[in-house]
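Chemist: Sequence and predicted structure below; questions after.
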Amino acid sequence: NAGVMQNPRHLVRRRGQEARLRCSPMKGHSHVYWYRQLPEEGLKFMVYLQKENIIDESGMPKERFSAEFPKEGPSILRIQQVVRGDSAAYFCASSPGSRRVRVTEAFFGQGTRLTVV
Amino acid sequence: QQQVKQSPQSLIVQKGGISIINCAYENTAFDYFPWYQQFPGKGPALLIAIRPDVSEKKEGRFTISFNKSAKQFSLHIMDSQPGDSATYFCAANRIDPSQGNLIFGKGTKLSVKP
């Protein structure tokens, strides 16, 4: 029973390139959350998705960032034209597909560490 | 309103001692308060959680104390061990199920000395 899988674990991009981060939720989970963690900081919520729907994107920067969770395949967090300030650890969490079970039972992946050079 | 304030930023405890980490919040809409443990290079792992209808919850060496009137909650680690050395995050979640996100504190780096 695999946990939340994120890949790649480490990603290096030059300024101006695109970064694609992938998250496969736990089996049976249909809710996905993306968080960003800067060094020595807590996790900051970015976006909450269900299959084919964005439920809450209040934490997403208005430009360059987008997220999707298609019917088939992993959730993708896409950062276009990366800048040095995008360097951070990006964590994905998933939870079961019931409105009665919220993020309270979310499980986190090991994260993708993005370095922009 | 949406912040969760956590202290101290770092903590050094001798083996066998008690580690205490405190958090405070403003938003009365929060109804779930978990604590997460994170080791270097790993994702956060849920440690223990409490709802505001109880004042204390204990699981093994870990206890959450909750003070609803003061809007504060704390994590106590009894008989702290070197293996407990990690960063601990408190968090809070709102009542509205469409608001799925957790609000995290900035973390406390705990070092337990042998």
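Modeler: Looks like it arrived, so ask away.

Chemist: Point out the residues in chain A that sit beside chain B.
Modeler: A:4, A:31, A:33, A:35, A:40-45, A:48, A:55-56, A:58-59, A:91, A:95, A:99-100, A:102-104, A:106-111 (CB under 8 Å from any CB of the partner chain). Any C-beta I mention is one placed from the backbone N, CA and C, and that applies to glycine too.

Chemist: For chain B, what lies in contact range of chain A?
Modeler: So chain B meets chain A at B:6, B:32, B:34, B:36, B:41-46, B:49, B:89, B:93, B:97-107 (CB under 8 Å from any CB).

Chemist: 6 Å instead?
Modeler: Residues of chain B lying close to chain A (CB under 6 Å from any CB of the partner chain) are B:32, B:42-44, B:89, B:93, B:97, B:100-102, B:104-107.

Chemist: So which of the residues of chain A next to chain B sit within strands?
Modeler: Residues of the residues of chain A next to chain B located in strands (DSSP state E): A:31, A:33, A:35, A:43-45, A:48, A:55-56, A:91, A:95, A:107-108.

Chemist: that older thread, which pair of the residues of chain B next to chain A spans the longest distance?
Modeler: Spanning the widest gap among these are B:42 and B:97, at 28.2 Å by CB to CB.

Chemist: The nearest residue to residue B:104 once chain neighbours are set aside: neighbour count?
Modeler: In space, residue B:104 comes closest to residue A:42 once its chain neighbours are excluded; the distance is 3.8 Å by CB to CB, 6 or more residues apart in numbering or on different chains. A count of nearby residues for residue A:42, using other CB atoms under 10 Å in any protein chain shown, gives 22.

Chemist: Could you verify my assumption that residue A:42 touches residue B:106?
Modeler: Yes: Residue A:42 is within contact range of residue B:106, at 4.5 Å (criterion: CB atoms under 6 Å).

Chemist: returning to what we had before: report the buried members of the residues of chain B next to chain A.
Modeler: For those, a burial check counting by 16 or more other CB atoms under 10 Å in any protein chain shown picks out B:32, B:43, B:44, B:89, B:93, B:100, B:101, B:102, B:104, B:105, B:106, B:107.
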